[in-house]
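> Sequence and predicted structure below; questions after.
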Amino acid sequence: MVLQRMKLRSDTAAASAWIQGVADPVRLTLVHTLALSGPATVAQLAACIDSSHATIRRHLGSMVALGIISQMQQDADGSSGRPAVEYELPSAVRSSVSGVLQFEG
């Protein structure tokens, strides 16, 4: 049998990239948490899934780059430091994962 490299259709390639983007237990937990709870900061997500801020930030950054998660800069509240960034699932992603993750959203 001779195996040949197949050229993926663009929609298949996009689906493959999405699957690879969430094919990690931390990333899947982040998607599930955001789907259930809505927008959240790195600190909120780290506390919720018991992981370090650096780990959460790294995974969120990768998923933002793939379009799986979006980020929103919050307005300055007068406190010192940078304003918090909230992460959320875009509505199309939220709709598509709701059936897979078996929750009503």
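Structure's in. What do you need?

> quick one: pLDDT of the one residue sitting closest to the centre of the chain?
Centroid-nearest residue in the chain, with Cα atoms, centre = their mean: residue 69, separated by 4.1 Å. For residue 69, the pLDDT comes out at 93.

> Make sure it is actually in contact with residue 61.
No. Using Cβ atoms under 8 Å, residue 69 makes no contact with residue 61, being 9.3 Å away. The way it works is simple: take the backbone N, C-alpha and C, and place the C-beta from them, glycine included.

> Now do the phi/psi pair for residue 39.
phi -60, psi 140 (degrees, to the nearest 10).

> correction: residue 58
Residue 58 has phi and psi values of phi -60, psi -50 when expressed as degrees, to the nearest 10.

> do residue 23 as well
The phi/psi pair for residue 23 (degrees, to the nearest 10) is phi -80, psi 60.

> dump the residue contacts of residue 74.
Contacts for residue 74 (Cβ atoms under 8 Å, 6 or more residues apart in numbering) come out as 83-86.

> Let's have the residues you listed in CSV, adding neighbour count and distance to residue 51.
Output for the contacts of residue 74, formatted as CSV (neighbours: other Cβ atoms under 10 Å; distance: Cβ to Cβ, whole Å):
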residue, neighbour count, distance to residue 51
83, 11, 23
84, 17, 18
85, 15, 17
86, 18, 17
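
> ok, these vs residue 30, which is closest?
Proximity of the contacts of residue 74 to residue 30, judged by Cβ to Cβ, is greatest for residue 86, which lies at 13.0 Å.

> Wasn't that closest one part of a strand?
Yes. Assessed with DSSP: H, G, I helix; E, B strand; the rest coil, residue 86 lies in a strand.

> Could you find the closest non-adjacent residue to it?
Leaving out its chain neighbours, the residue that sits closest to residue 86 by Cβ to Cβ, 6 or more residues apart in numbering is residue 39, at 4.2 Å.

> The one you found against residue 72, yeah?
Yes. Between residue 39 and residue 72 there is a contact at 6.9 Å, judged by Cβ under 8 Å.

> Between these two, point out the one with more neighbours.
Using other Cβ atoms under 10 Å as the criterion, residue 39 and residue 72 rank with residue 39 on top: 15 against 10.

> and that one, what is it in contact with?
The neighbours of residue 39, taking Cβ under 8 Å, 6+ apart as the test, are 72, 86-88.
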